[in-house]
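# need a structure here:
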Amino acid sequence: MGIEKILMKSKEKTSRAEIAQFLRTLADKVEGGEVSLKRGEEELRLLISQDATLEIKIEEEEKPTGTKKTLEVEIEWYEGAIPNQKVEIV
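Presented below is the predicted three-dimensional model:
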């Protein structure tokens, strides 16, 4: 099993409108195959494979202050992946 390494992490309170705008911009970049993220002086460029996997997870956790809900959207791909090709009869 490989070693997981966190390349960048961010968590901040923001409005629904700002989250929606971030996701719209992210969606456009993912569709184009390249996403660049910047935080301060740190910048990370990702080249997303055509054959990526989308994972959606919704969690619920009871806290003393109430029920906390979490929606996670995760995109996975292998760097330098060769796209899956259908087998054809010739």
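
# and the strands in this structure, which stretches?
34-39, 42-47, 53-63, 66-76 (DSSP state E).

# got these as CSV, with mean pLDDT and mean neighbour count columns?
(Glycine included, C-beta is placed from N, CA and C.) Below are the strands of the chain laid out as CSV (pLDDT from 0 to 100; neighbours: other C-beta atoms under 10 Å):
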stretch, mean pLDDT, mean neighbour count
strand 34-39, 93, 12
strand 42-47, 93, 11
strand 53-63, 96, 9
strand 66-76, 96, 9
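
# residue 4 is nearest to which of these?
strand 66-76 (12.3 Å; C-beta to C-beta).

# please state the offset of that closest one from the chain centre?
Its chain's C-alpha centre and that of strand 66-76 lie 12 Å apart, by C-alpha atoms, centre = their mean, to the nearest Å.

# partner strands of that strand and their direction?
strand 53-63 (antiparallel) (DSSP bridges).

# ok, residues contacting the strand it pairs with?
With C-beta atoms under 8 Å, 6 or more residues apart in numbering as the test, strand 53-63 has contacts from 67-77.

# which among the strands of the chain is found nearest to residue 23?
Closest to residue 23 of these is strand 66-76 (C-beta to C-beta; 8.1 Å).

# which residue is the nearest non-sequential neighbour of residue 67?
Spatially, and ignoring its direct neighbours in sequence, residue 67 is nearest to residue 60 (6.0 Å; C-beta to C-beta, 6 or more residues apart in numbering).

# now residue 75
residue 52 (5.4 Å).

# reformat the contacts of strand 53-63 as a markdown table; add distance to residue 21.
Formatted as a markdown table, these follow (distance: C-beta to C-beta, whole Å):
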| residue | distance to residue 21 |
| --- | --- |
| 67 | 27 |
| 68 | 24 |
| 69 | 21 |
| 70 | 20 |
| 71 | 17 |
| 72 | 19 |
| 73 | 15 |
| 74 | 20 |
| 75 | 18 |
| 76 | 24 |
| 77 | 24 |
